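J.: could you work out the structure for the sequence below:
(one chain, ligands or ions: 1)
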Amino acid sequence: MEQTYYEKKEAGEAAVDLIHNKMVIGLGTGSTVYHTINKLGEKMKDEKLDVTCVSTSSNTTEFAKQLGIKLVALNDVQDIDLTIDGADEIDGDFRAIKGGGGALLFEKIVASSSRKVAIIVDSTKYVDTIGAYPLPVEVLPFGYKYVFERMVREGFQPNLRKMGNDPFITDSGNFILDINVSNIIDKVDTINLEKYINNIPGVIENGLFTNIVDVIYIGKKDGVEVKNREKGD
Ligand SMILES: O=C(CO)[C@H](O)[C@H](O)COP(=O)(O)O
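T.: Alright, predicted model coming up:
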């Protein structure tokens, strides 16, 4: 089994231990959460576990439905007990870059609605400082060129994400600009950067998750390391 696959599987499955009967669970998106969803499906059958889930993407919805997992719309729950999701990068300050799979908008809304957020990653994604991975920014197709040009002027070196020859379209019908924040991430307050980008007219959301993550599960070759955020951080 390839090392990264193995680490994703270990981390994704380990986080299922956080799920208990009657909980409302936010299900993230991607190849790591795939293992969480799969394991949850098994646990629901084996332990007659009764949980309700909120999905963050059409892909997750499709997979969860195949396993018979009960899904409801976010608007139909009071709040979410726990969300489990992957990330493209995360660091020791519990700052993450998400959206490599294009689901960052729903992921951030669901994570923000959750009492607890667990991020599951393989060991390559746990880094000293986030920023090497391009930051996904979801933009409205209307006037996206304005945002693009502004990003160019401000040195963010944007790339319009493509699917073949066409722009990649998110589940909300928007485009994604992948921008470079590697030069500035150490020089700015990332909470302010997250807000600054979202304040540009036409930007819907960006993949910086600066103040949301509570616990990180890191899959490693010799097991899973769990890092809990200190209260008050
Ligand atoms: O943010 C995401 C999707 O929008 C994913 O969580 C992120 O891209 C990690 O994906 P994977 O688990 O497949 O490596």
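J.: so Ile97 touches Leu208, yeah?
T.: Yes: under the criterion of Cβ atoms under 8 Å, Ile97 lies in contact with Leu208, with a separation of 6.4 Å. (Each C-beta comes from the backbone N, C-alpha and C, glycine too.)
J.: buried residues in the host helix or strand of Lys116, which are they?
T.: Element membership for Lys116, per DSSP states H and E: strand 114-122. Of all the residues in strand 114-122, those buried under the rule 16 or more other Cβ atoms under 10 Å are 114, 116-122.
J.: identify the bridge partners of the nearest residue to Tyr144 once chain neighbours are set aside.
T.: If the residues on either side of it in the chain are set aside, Tyr144 comes closest to Phe175, at 5.2 Å by Cβ to Cβ, 6 or more residues apart in numbering. The residues paired with Phe175 through beta bridges, assigned by DSSP bridges, are Val139.
J.: what are the buried residues along the host helix or strand of Lys145?
T.: Of the helices and strands defined by DSSP H and E, Lys145 is found in helix 144-153. By neighbour count, and taking 16+ other Cβ under 10 Å as the criterion, the buried residues in helix 144-153 are 144, 147-148, 151.
J.: what does stretch 82-101 give?
T.: For stretch 82-101, a neighbour-count test (16+ other Cβ under 10 Å) marks 82-91, 94-101 as buried.
J.: next: stretch 152-162.
T.: Under the neighbour-count criterion of 16+ other Cβ under 10 Å, stretch 152-162 has 156, 158, 161 buried.
J.: what does that stretch rub up against?
T.: Here stretch 152-162 makes contact (Cβ atoms under 8 Å, 6 or more residues apart in numbering) with 102, 134, 136-137, 144, 147-148, 151, 167-168, 175-181, 183-184.
J.: stretch 211-226 too?
T.: For stretch 211-226, the external contacting residues (Cβ under 8 Å, 6+ apart) are 3, 6-12, 14-15, 18, 90, 94-96, 108, 111-112, 116-123, 126, 191, 227-229.
J.: if anything else comes up later, I'll come back, but that's it for now.
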